[in-house]
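> Just need the structure, nothing else, for what follows:
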Amino acid sequence: MMSMAPEKNDLGRALSYIDAMRRASTAGMAPEENLTYMFDVMGVLYSIINGEAERSLYYMTELRERLTEDKMPGIEYTDVMTAMLYEELMSKYKDMFSDKLLELTVDGNKYIALSMNEWNIEKPFAGWRKETEGDQESLYYCCDDDTVTDDLHGQMVFSFYSDKDGVKPQDNANARLITVTPECRQQLVDAYRKYMKKSKKNK
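Numbers count the residues shown, from 1 in each chain. Below is the predicted model of the structure:
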């Protein structure tokens, strides 16, 4: 059935068969242990053809983890396709979120992030979670008094849950992504540059 589904141009069904076979193989029910590798590879290829980059990357990471755990040779031959899948996912991420900004609500005041880790307001919104060596100053713009601060305490909470009415934030959630007008973004860029220029003078 798994091999017949692609012939009928039904890759979605083929992938469901692959998932079932992978589960059986992981549980030790496959006739040959190394069949799990084949199922992962088929999952990678069928997902790519089906336009599901995230699902394809899932199969690829599963394959690489299994190859590493089993100390199987040849993992380097998956590098190019793995890089391609991550690149496609990053491209999709940038399309979805590069024009967004992080807004935090602390003690009733709203703050917009101007810099965090490798990211700052002059760049598309990417790299804000990647920690670098050394202390990286995080800056926030206070929407209530138009000031920039590096002294913002409290935990960033972005948890959510779902019920019959949809997805909702947890009661203590204080972070969200917002889209601002080009004029507002330029105001934030100017505030960031002014702060950085002033801080360099004071060093």
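> Going along the chain, name the strands of this protein.
Remark: strands assigned in the chain by DSSP state E are 100-106, 109-116, 119-120, 139-142, 147-149, 160-163, 166-169, 175-179.
> And the residue nearest the centre of this structure?
Tyr93 (7.0 Å; CA atoms, centre = their mean).
> ok, it - contacts?
Counting by CB atoms under 8 Å, 6 or more residues apart in numbering, Tyr93 touches Ala126. Just so you know, the C-beta spots here come from the backbone N, C-alpha and C atoms, and that holds for glycine as well.
> So Phe39 sits against Arg22, correct?
Yes - at 4.6 Å, Phe39 counts as touching Arg22 under the criterion of CB atoms under 8 Å.
> out of those two, which sits in the busier spot?
Between Phe39 and Arg22, counting by other CB atoms under 10 Å, Phe39 is the more crowded of the two (24 against 20).
> what stretches of this structure score poorly on pLDDT?
The model of the chain has pLDDT under 70 over residues 1-10, 25-34, 131-136, 203.
> switch the cut-off to 50
Scanning the chain for pLDDT under 50 picks out 1-2, 4-5, 7.
> What segments of it are helices?
Residue ranges of the helices in the chain, as given by DSSP state H, are 4-7, 11-26, 35-49, 53-69, 79-97, 182-201.
> could you dump those helices to JSON lines with distance to Lys110?
Putting these into JSON lines (distance: least, CB to CB, whole Å) gives the following:
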{"stretch": "helix 4-7", "distance to Lys110": "51"}
{"stretch": "helix 11-26", "distance to Lys110": "43"}
{"stretch": "helix 35-49", "distance to Lys110": "40"}
{"stretch": "helix 53-69", "distance to Lys110": "32"}
{"stretch": "helix 79-97", "distance to Lys110": "19"}
{"stretch": "helix 182-201", "distance to Lys110": "13"}
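> Please identify the deepest-packed of those helices.
helix 35-49 (a mean of 19; mean count of other CB atoms under 10 Å).
> How about residues contacting that one?
So helix 35-49 is contacted by 2, 6, 11, 14-15, 18-19, 21-22, 25-26, 30, 53, 55-56, 58-60, 62-63, 66-67, 72, 81, 85 (CB under 8 Å, 6+ apart).
> and what of stretch 75-83?
Residues external to stretch 75-83 that are found in contact with it (CB under 8 Å, 6+ apart): Val44, Leu57, Met60, Thr61, Leu63, Arg64, Leu67, Thr68.
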